[in-house]
Structures are given as structure tokens and as C-alpha cells.
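Enquirer: Okay, sequence plus prediction incoming.
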Amino acid sequence: MKLRFLSFAAILIAINAQHEHQHSTNISATTNTSSSSPEHSNMSNMQHTMSSMPGMDETLNETAILKAHGPDPMSFYDFDYESDSNSKPGWMILHAIGMSISFGLLLPIGLALKASHNSLYGIINFTFLVSISVSTAFSTIYKKLTPDFAHGKLGWFTLFLIAALSGYDSFKFLQRTFHWYKSTSQKTPSSFKAYVLEARNDDYEEREDEWIPDNDHDAVPLYETANMHDDDREEAESPSSSGSRRSEMTLHDEQPVHLGKSVYTKRKLTWKEYLWASAHYLKVTLDRTTFVLGFAGFTTGVVSYSGICHATYLNGCLAHLIKGGIFFGYGLLTFARFCGAYSDIGWSWNLIPRRSYGTWKQNAVSAELVESAVIFTYGCTNTFMERFGAKAGDPWSMKQVQHASIAVMFFFVGGCGLFMELPQVKKFFGGYRSNQPNSNPFPALAIGITGFAMASHHQEYAFAVSQHALFGNLLALFALCRCTTYALTYISPITSEAPTKPISELLASFFLTAGGIAFMFSIEQFTFAAYRRGFAHLMFLLNLVISLTALCMFLTALTMFIKSWSVRRENHKGLLFDANDDGSENGDIHQSSQRV
């Protein structure tokens, strides 16, 4: 078998060599050969080598680009590096470095520490606020020294909102620091830790220990459920009892009998408690949106500095940046789930922990429902948005038809995914196991088919075709890995409340994140810039995408590691994901403190 394969490979190599020889002969025959010097021979070989590379055997049709889009205006990048002006790009470099450290490192670490009520959060959050303030000052100095080519209003809005959220917590931190400095006689590190770092931030966090709201707008005092949780932990020490209990659950059982709602004593919340609860969860929600806001601010900053996405480029640029950004963000979210995020609601390919019964977490929606909802919403809106920018009576172009067909596919496939998530549908369809993580292949199907379609997307230039083929194949690989996860969990059902960490999901998150980055890089102006500067090589783009993907996943893993360390150190449950009662995969018992 090996000899046959080698023989076949040798035949292909010989045919390819003969084709290259004929191609080089044709090039030399059509070229003006006024001299047979070695220099001319070297130039012919170089021309042949460049023609054999994808994207290097063609040049941009600058006339057609000028007619379609008009001349490109002067940008900050052009002013700094492609003009003879006396520019000061160093200030912008300092601004970019400071913002990257702030939003790529300090912000996620700070939110992870805050979620676990770690005493170091105040210092990290104050450092983040100082960092973005100094970075903004660098940007202001840079703009004073350069013409006002562009101004990102969205970037300023996101920066102001993030600074306001961070500044609120920093104000509390500085207020406690001031009181500590004025009231304590011995200013030691231990007293600073006790009075400043470990103090509660505000009143509604103190009230958080007194109530847990549920779907019926009632509350469950923690002291009334402490004994029940202790009993559950004792049962958790016996794997056989856990397995036998789940094996007795029928198809239509919602939860074990001993965890029924009758064991809870409920009381109505007062309007003040409603107010504090609403303020608390609104603040938590706004804090979590800072990830998205930071990414939006970073993207608009790159757009403003490079001068892209203007005039006729705007619609296509927005489509690539928004869609690619969604794939990128959900890829990192998938990797965070692999690391243990949201295991308290079963999103880490685990059974819902027993401590989540009786709360809203027991009936939390599945990750596949969120995916299907996003896909369905995109299909509903983008079907009609594809004609934005077209004049009345203009015929449909090939690209518009291709994009609209993908949107229609998202509309119906996302609808199928939502339909499969209905509880009534799950019960009526046979084979549903209520105690297992959800298996809904429709989101993966939509992304996979999109990848196959984009891999053969019509483009004007060869490098653009290679760009679309790259992110299309990456999206298709994500779908393949997700379906592999479903197959593995079907063959070997999950029996652990701890995150199972399927290796297929690790690969899926990598492919989806990389596909999102490659999607954003496939805008027209990036393609044109690559041609003009001699970087229209697929290898260059692939290495760039993979490097950025690895960097983002490293930062995500670092954040989740710090969150897990903080949860164990503080012996407290977090908000991003809860520490399991059984500790880790090694079976260590982690006793969560119940404050009465």
C-alpha cells in the first residue's frame, strides 16, 4: 500500500514539474529577451516563482477601485508613516500599549476577582482606571499634534461608560482608604487589608446574603437551606448513590423528589429588597458588558487610526467586523466554558450541580438555545439588510444573493434550533434524557454550512478567495468538533457535576476564535493593503490569525485560572462560574461557607 502511494505521489510530482517547465518556457518565449545574461535569467526565475504563488500573479485594478470607491482620504497611519510630515507616532504607540494592557489583562482579571469577592479587586480596579486614564491622555496629546482626520465617537462613549462603572467601585475603594488613613492610628498592611480591601463595597452586596430571588419573585434565606446543602454534600461523597438516584429519574421527571420546592420556606420580598436586587443585578450585567464594550472600543480605534471602513466600504466593513466579532467572542466563551465557566447551570458539559436545584439556575436556558436565538435573530434581520446602500431598481449582485441566501438559511436553521429547545418538544420526542447536557446540532449545522459556503465565496482577487476559504474552513472545523462532542456524550453519558472538559470542545473553541479573527481580516481594504505592500500571502495571514488566537486563548485561560484560584482562596462562590462542591476532578470536597 505504501509503495502504491509513493508511486502515485511520484507521478503527481513529475506531472507538476513538467507543467512548471512548460509554463516557464511560455513565459520566457513571450518575454522580450534582448540579452541572455545571468541577471536576465534570475529575473525570469523570480517572475516565475512569484507567478506560482496565490495572489502574486495578479495586480490590483486601481482604476476600477477608484471608480467604485473613490480616493482614500488621509488617515492617521498615512500621516505617521507614509508622509513627510513631522509626526509623533510614539504617543499613539503608548496609547495602544496602555489600552491593550488595560482591556486585555487588567479588566478581565479585575472582574474575575470581583466575582469571587477577592480582597485584591480594589487595587486591580484602581490600577485599571489609572491605566485607561493615562492611555487616554497619551491619545489626547497625539491628537493635539496631528490633524483631525477621524474621530471615533463610539470609542469615546464606550470608554466613558467603562470608566464610569470602574470609577464607581474605585470611589468606594478610595473612600475606604481615606477613612482608614484618618481613623486608624497604626497604619499597617494588616489593618489596610482589614479596613479597606476586605470591606464590603456597598449596601446591596451586604443584602445579597439575605435573599436569592427566583422565578416566582420570592426569596430563600440562606440559613434555611444550609442544612439541606450539607445533606447533599454527604450524598455527593458516594458516587454510587448519585448514579442510582439519577437512574431512577423517568423521562418526564423535572428533578428528584427530595429536592422539591416544598422543602423551601418562601417569603415575599419588600419593595426595598426588590430595589436592591435590581440594582445589584443591573450592576453585574453592566460589568459583564465591559468585555463587549472594550472590544468595540478597540475595533473602532483601529478603524479610526487606519482610516478604513469609510464611504462605500462601510456596509461591507460593518458586516465583516460584527459577524467576525460574534464568532470571535463566542469562540472565547466556548473556551471559557471548557475551563469551567457557567458550570453551575450545566454549560461546562456537566450535570447541573445539586446546589443549583431550587434556584433559577435549575431551569436556566441551555447554551444551544442562546446560539439558536442569535442565529435566528441574525437571519431575520440580515435578510432585509443586505440591500442597504443599493439604489432603487438596482439589480441583485452575485455577492448580495450569496449573503442573502446565508441569512435565509440562518433564519430557518435557527428557528429549528429554537423549536427543538422547547420543553414540550423535548418531552414529546423520544430519547430525551433530562439529566444530560443538551445536544442540539442546529447551531453547529448553521455555522458549518456557512463555512463551506464562504470557502467558495465569489471574489474579484485570488488572495480574497484564499481569505474567505481560510475562515470558512475554520468555521466548518468548529462544526465538526461540536458534532464530535455530541457523539461522545451520546456514547458515554456524562455522570459528573464537575466540568468534563471534552477535548473536542477545546479544538472547537480554537477553530471558532480563529475563524472569527480571519473573518474580520477579510474586509476589502485589508486585501487591497496586502496587495499594495506585498503581503498577499495566505501563509502570512494564517500565521497572524493563529498567533492572535493563541494570545487571546492564553489570556482567557489566565483569567479563568485566577478566578478558580480566587474562589478557592476566598472559600466563596463566584459569579462567572461557581466552585464545585466536590472541589475538582480529583474529588476533593470544597466546603463553601454559608454566612448567616
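Expert: Happy to help now that I have it. None of the values given here were measured: they were computed from a predicted structure.

Enquirer: Distance-wise, check the nearest residue to Trp180 once chain neighbours are set aside relative to Lys182.
Expert: For Trp180, ignoring the flanking residues on the chain, the nearest one in space by CB to CB, 6 or more residues apart in numbering is Tyr195 at 4.4 Å. Where you see a C-beta, it was placed from the backbone N, CA and C, and this is true even at glycine. Between Tyr195 and Lys182 the computed distance is 11 Å (CB to CB, to the nearest Å).

Enquirer: show me where pLDDT drops low in the stretch 1-150 of the chain?
Expert: Within the stretch 1-150 of the chain, the segments meeting pLDDT under 70 span 1-57, 150.

Enquirer: The chain too?
Expert: For the chain, the stretches flagged by pLDDT under 70 are 1-57, 150-152, 199-267, 430-435, 571-596.

Enquirer: For this protein, just list every one of the strands.
Expert: Counting by DSSP state E, the chain has these strands, from start to end: 218-219, 267-268.

Enquirer: And Tyr195 and Lys182? Which one has more around it.
Expert: Neighbour totals were compared for Tyr195 and Lys182, and Tyr195 leads with 16 against 7 (other CB atoms under 10 Å).

Enquirer: hang on, the more buried one packs against His179?
Expert: Yes: using CB atoms under 8 Å, Tyr195 is in contact with His179, at 7.4 Å.

Enquirer: Can you give me the separation between the closest residue to Lys187 other than its chain neighbours and Ser166?
Expert: Ranked by CB to CB, 6+ apart and with sequence neighbours excluded, the top spatial neighbour of Lys187 is Tyr181, at 7.0 Å. For Tyr181, the distance to Ser166 equals 22 Å [CB to CB].

Enquirer: Of those two, which one has the most company?
Expert: Ser166 (22 against 12).

Enquirer: In contact with that one, which residues are there?
Expert: Contacts for Ser166 were tallied using CB atoms under 8 Å, 6 or more residues apart in numbering; they are Gly110, Asn125, Phe128, Leu129, Ile132, Thr290.

Enquirer: same check, this time on Phe338
Expert: Neighbouring residues of Phe338 by CB under 8 Å, 6+ apart: Ser348, Pro499, Lys501, Pro502, Glu505, Leu506, Ser509.

Enquirer: Same check on Gly448?
Expert: Taking CB under 8 Å, 6+ apart, we find Gly448 in contact with Leu475, Ala476, Phe478, Ala479, Leu480.

Enquirer: Any chance of JSON lines for those residues, columns neighbour count and distance to Gly329?
Expert: As requested, those are exported to JSON lines (neighbours: other CB atoms under 10 Å; distance: CB to CB, whole Å):
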{"residue": "Leu475", "neighbour count": "30", "distance to Gly329": "14"}
{"residue": "Ala476", "neighbour count": "21", "distance to Gly329": "19"}
{"residue": "Phe478", "neighbour count": "29", "distance to Gly329": "14"}
{"residue": "Ala479", "neighbour count": "23", "distance to Gly329": "17"}
{"residue": "Leu480", "neighbour count": "16", "distance to Gly329": "21"}
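
Enquirer: closest to Ser116 among these?
Expert: Phe478 (30.4 Å; CB to CB).

Enquirer: If I follow the layout properly, the closest one ends up in contact with Ile447?
Expert: Yes: using CB under 8 Å, Phe478 makes contact with Ile447 at a distance of 6.1 Å.

Enquirer: Now for these two: what residues contact both?
Expert: With CB under 8 Å, 6+ apart, Phe478 and Ile447 have common neighbours Leu512.

Enquirer: give me the number of residues near Asn363?
Expert: Applying other CB under 10 Å, we find 15 residues neighbouring Asn363.

Enquirer: repeat for Gly98
Expert: Using other CB under 10 Å, Gly98 has 20 neighbouring residues.

Enquirer: Find the nearest non-adjacent residue to it, please.
Expert: Ser135 (3.2 Å).

Enquirer: That neighbour contacts Ile93, doesn't it?
Expert: No: the criterion here is CB under 8 Å, and Ser135 misses it with Ile93 at 11.0 Å.

Enquirer: out of these two, which sits in the busier spot?
Expert: Neighbours per residue, other CB under 10 Å: of Ser135 and Ile93, the larger number sits with Ser135, 21 against 13.

Enquirer: where's Gly340 relative to Met560, distance?
Expert: Taking CB to CB, one finds Gly340 at 6 Å from Met560.

Enquirer: When these two are compared, which one has more neighbours?
Expert: Between Gly340 and Met560, counted using other CB under 10 Å, the more crowded position is Gly340 (25 against 21).

Enquirer: how close does the more buried one sit to Thr559?
Expert: Distance of Gly340 to Thr559, computed by CB to CB: 11 Å.
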